[in-house]
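# 3D model of this:
(one chain, ligands or ions: 1)
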Amino acid sequence: MENKKRTDIIPRFGVPGNRREDVAERRRWVEEKTGARFEHVGHFSIDPEKTTHNVENMIGVCQMPIGVAGPLLIDGDHARGEFYVPLATTEGALVRSFERGMIAITKSGGAHVKVLADHTHISPLFQLTSLAESAAFAAWVKENTDRVRAEAESTTRHGKLLGIKPFLFGRSVVLQFDYSTGDAMGLNMITVATDKACRFIVGERKVQRWIIESNLSSEKKVSAFNLIEGKGKEVVAEATLSKELVRRNLHTTPRDMVDTVAIMRVGAAKAGMPAPNAHLANGLTALFMACGQDVASVVNCSAGFTQMEVDANGDLYLWVSLPSLILGTVGGGTGLGSHRECLEMIGCYGEGKAKKLAEIAAAMALAGEISITAAIVSSEFAQAHDQLGRNRPS
Ligand code: NAP
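Sure, this is the predicted structure:
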């Protein structure tokens, strides 16, 4: 039964409703409605009109502390030299922990990093009436890929359709549209492009119904599919730490580090984790929040692998692999106030910088894996959080 009670709709003030006075008025409306007082939410330096394509019903800004960790020496194809990395977090001990890992990497000659792949995908579904029709539909798409590509690419200057891979689900067909998206993370770009392509397809081929996203591309979900296919950038970072440095800076030994990773992998397997790692989500989230990335993408991005080995001479060799790193240096939240400043601080704002940001993210993630594993092995983990991270309300 329909609830007849009057619904108090939040004031819109037209479209988009992000003028400074709209935001202030809406904030006052919420204060009145809820009894909250927005002393902090209402204080900000960004132009709210610039958030028009980032947020609706804006009432203010969420302030988040930003720490800085480094130096992080990187020898990548795009990121080269020492970086000081901005990390936005409320988790005490996180920045210090990453700093420790970064210094260990830097003292060891740096992290070697490579972007191995760069593409992203979306997977619409088409319902037909039989398996035979599904097969004929998939064959038609294959024969007409160039025409479909022209439709998709008519919506974007930077998006390029790399290919379309069909998956037959009985009388339904999922088409995985795979794109390169330049320096944008690209989710709006490829959604709009694919929508145009799908409308063209269904104009040419009769289907029962179609939907823009079947979930096969696992957007903002962890999946084995994305671990294998990749989504966004696939990046690998490696480093070798001498046994002396491991003892001096990390208070443990390469052998203990390796044994700990191995036993934690058993825990991960028992827990059913598809991608065992120590805490890849932690640094990626903090970097994403500082740099205006879509933080929910960390669900995919943090599904990665960490490996540690003892070298023949007893040193610690390790790598981190991130198969689904979805980030950008144009579009999304990258141009907003503090986000742009944080990207600029690591030389990653704008055109031609997305692979550099990906390499910095992977090297930073490697530092985090080093530090947390060492803290667990040397029994310093709880003390560090107790000392640096507790906020007992007084
Ligand atoms: P966007 O902010 O929607 O668009 C950025 C635009 O920048 C691109 O479309 C491109 O225009 C232009 N551009 C200029 N220089 C570029 C360069 N060097 N490389 C690439 N593009 C360049 O960004 P987006 O990355 O497509 O989408 C990100 C947003 O999508 C985020 O806010 C995220 O939260 C949101 N999102 C959307 C979905 C969805 O399903 N739609 C899902 C998750 C997240 P041209 O296209 O004309 O080249």
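# Next, Gln307: secondary structure please.
Secondary structure state of Gln307, per DSSP: H, G, I helix; E, B strand; the rest coil, is strand.
# For it, which residues are in contact?
Gln307 sits next to 261, 318-321 when contact means Cβ atoms under 8 Å, 6 or more residues apart in numbering. For glycine as for every other residue, the C-beta is placed from the backbone atoms N, C-alpha and C.
# Just give me the closest of those residues to Asn226.
Distance to Asn226 across the contacts of Gln307 (Cβ to Cβ) is lowest for Ser321, with 12.8 Å.
# which residues does that closest one contact?
Counted by Cβ under 8 Å, 6+ apart, Ser321 has contacts 234-236, 304-305, 307.
# and it, that's in a strand?
Yes: assessed by three-state DSSP, Ser321 belongs to a strand.
# thinking again about what came up before, tell me which of the contacts of Gln307 is nearest to Arg248?
Distances from Arg248 to these, taken by Cβ to Cβ, are shortest for Leu318, at 17.2 Å.
# helix, strand or coil for that closest one?
Classified using three-state DSSP, Leu318 is strand.
# quick one: which of the contacts of Ser321 is most hemmed in?
Greatest neighbour count in the contacts of Ser321, by other Cβ atoms under 10 Å, goes to Val235: 30 neighbours.
# Would you confirm that that residue belongs to a strand?
Yes: when classified by three-state DSSP, Val235 is found to be part of a strand.
# you'd agree it is up against Val113?
Yes: Val235 lies in contact with Val113 (Cβ atoms under 8 Å); the separation is 6.5 Å.
# Run through the helices of the stretch 1-150 of the chain in chain order.
20-34, 94-107, 131-143, 145-153 (DSSP state H, counting those that start in this stretch).
# out of those helices, nearest to Ala286?
helix 94-107 (6.3 Å).
# what's the most buried one of the helices of the stretch 1-150 of the chain?
Using mean count of other Cβ atoms under 10 Å, the stretch among the helices of the stretch 1-150 of the chain with the largest mean neighbour count is helix 94-107, at a mean of 23.
# same for that helix, what does it pack against?
Packing partners of helix 94-107 (3 or more Cβ pairs under 8 Å, 6 or more residues apart in numbering; DSSP states H and E): strand 66-76, strand 80-88, strand 232-241, helix 243-250, helix 280-290, helix 354-377, helix 381-389.
# could you give me the average pLDDT of the fifth one?
Meaning helix 280-290. Per-residue pLDDT values over helix 280-290 give a mean of 98.
# quick one: that helix to helix 94-107, angle?
Using axes from the mean of the first three to the mean of the last three Cα atoms, to 10 degrees, the interaxial angle of helix 280-290 with respect to helix 94-107 works out to 100 degrees.
# Any part of the helix or strand following helix 280-290 near the ligand?
Later in the chain than helix 280-290, the nearest helix or strand by DSSP states H and E is helix 298-301. No: Helix 298-301 stays clear of the ligand (Cβ under 6 Å from any ligand atom), getting no nearer than 10.3 Å.
# for helix 298-301, the distance to its chain's centre please.
The chain centre lies 5 Å from the centre of helix 298-301; the measure is Cα atoms, centre = their mean, to the nearest Å.
# C-alpha coordinates for that helix, PDB please?
What follows is helix 298-301, C-alpha atoms only, in PDB (Å, rounded to 0.1, in the frame of the first residue of the first chain):
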ATOM      1  CA  VAL A 298      39.300   0.000  -4.800                       C
ATOM      2  CA  VAL A 299      37.100  -3.100  -4.600                       C
ATOM      3  CA  ASN A 300      38.500  -4.200  -8.000                       C
ATOM      4  CA  CYS A 301      41.900  -2.400  -7.700                       C
END
